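Colleague: Predicted coordinates and the sequence they were generated for:
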Amino acid sequence: SKDGGRGRWTVYDPRMDEERQSRNQMEIDLREAIARGEIEVVYQPVVDAKTFALVSVEALARWTRRGHGPVSPDVFIPIAETSGLIDQLGLCVLSQALRQLGHWPELKLSVNVSPGQFRDPAFVDHVAATFEEARIEPGRVVLEMTETYFIQSPERARLAMDRLRSLGLRIALDDFGAGFSSVGYLRQFGFDRMKIDRSLVQSLDRGHRAVEMLQATVALARSLGIPVTAEGVETEQQAVILRIAGCDQLQGYLFGRPQSPDEIAALMLRPMEL
Ligand code: C2E
Ligand code: CA
Ligand code: CA
Ligand code: CA
């Protein structure tokens, strides 16, 4: 049979139909969940690298699929991206997180943005309206983006980025070290922050070569005046290396998993103990 009209001929395989069907069903369920307001947001602590004090949280989407249980964002975000649901899902996460931030005057917030949202010409207007509605100062919020769209459409990406920054928002380059990202992008697009990917942080356990490479990367970012957050920090040893390398913020299971607003509120009352 012809493979989805993409011009590739494949041997008929009934499992392909099954896979497609279950994906279609998941898309239908996701669409309903978004419409019903069933997408939840959890918050992962981000701490100051020197004091380990809670300074910020990253908003992360959660979906408990009716009749199935929790679905990983690594599964439902790509489905939202290919089915046109990401604009709606992204704004729903943003507005929930901003409302929550209103209760946490001492914290900052990071929210993830997919390339698909960035591509939507109305995106910046929607973001501006969401901030006005929540009455949140945009300077408290960082939008996290991976390099994909910046590689695909650099001119348009830069335009959208400039408009977002003129609202007062900051933009972070997410997942640095997981893809093709280079420090060159930081300079070229004027990112406000770099987030070092978990894979790079975990590589520190493999020895001094990895440590040296990371130190050089962080030093380069800092020489451009760009602060660096390390994510996926799981051990105290990693935290120490990253702080000495010059990261000003740390995030990872060592400091806290993504958690409910109530749990974050409790963390604010009780300073981080390790
Ligand atoms: P991300 O933006 O890189 O978010 C960090 C992911 O790493 C989260 O996974 C978090 O739970 C996990 N993580 C944090 N610390 C540690 C650690 O110490 N060890 C390990 N093993 N993992 C850690 P999560 O919540 O499953 O999200 C996965 C990805 O899904 C996110 O990666 C992001 O790309 C995407 N995502 C989640 N929520 C949203 C959203 O609202 N919008 C968009 N566009 N993407 C989202
Ligand atoms: Ca992120
Ligand atoms: Ca990341
Ligand atoms: Ca990611």
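Modeller: Structure received. Ligands and ions are numbered 1, 2, ... in the order given.
Colleague: Near ligand 2, which residues of the chain? Just list them.
Modeller: Neighbours of ligand 2 within the chain, by CB under 5 Å from the ion: 112, 144, 174. Every residue, glycine included, has its C-beta placed from N, CA and C.
Colleague: Can you classify the last one as helix, strand or coil?
Modeller: For Asp174, the secondary-structure state derived from DSSP: H, G, I helix; E, B strand; the rest coil is strand.
Colleague: how many neighbours does it have?
Modeller: 26 (other CB atoms under 10 Å).
Colleague: same question, the second one
Modeller: Burial measure for Glu144: 20 neighbouring residues, criterion other CB under 10 Å.
Colleague: Help me see whether the host helix or strand of it makes contact with ligand 3, please.
Modeller: Taking DSSP states H and E as the definition, Glu144 sits inside strand 141-145. No: using CB under 5 Å from the ion, strand 141-145 never reaches ligand 3; the gap is at least 6.7 Å.
Colleague: Which stretches in the chain count as helices?
Modeller: Counting by DSSP state H, one finds helices in the chain at the ranges 14-35, 73-82, 86-101, 115-119, 123-134, 148-152, 154-166, 183-189, 198-202, 208-223, 236-245, 261-269.
Colleague: Also compute the angle for the longest one relative to helix 86-101, please.
Modeller: An angle of 40 degrees separates the directions of helix 14-35 and helix 86-101 when computed by axes from the mean of the first three to the mean of the last three CA atoms, to 10 degrees.
Colleague: and what of the last one?
Modeller: Here helix 261-269 points in a direction 40 degrees away from that of helix 86-101 (the same axes, to 10 degrees).
Colleague: mind listing what's buried in helix 261-269?
Modeller: 261, 264, 267 (16 or more other CB atoms under 10 Å).
Colleague: These into a markdown table, with extra columns for distance to Pro105?
Modeller: Output for these, formatted as a markdown table (distance: CB to CB, whole Å):
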| residue | distance to Pro105 |
| --- | --- |
| Pro261 | 14 |
| Ile264 | 13 |
| Leu267 | 15 |
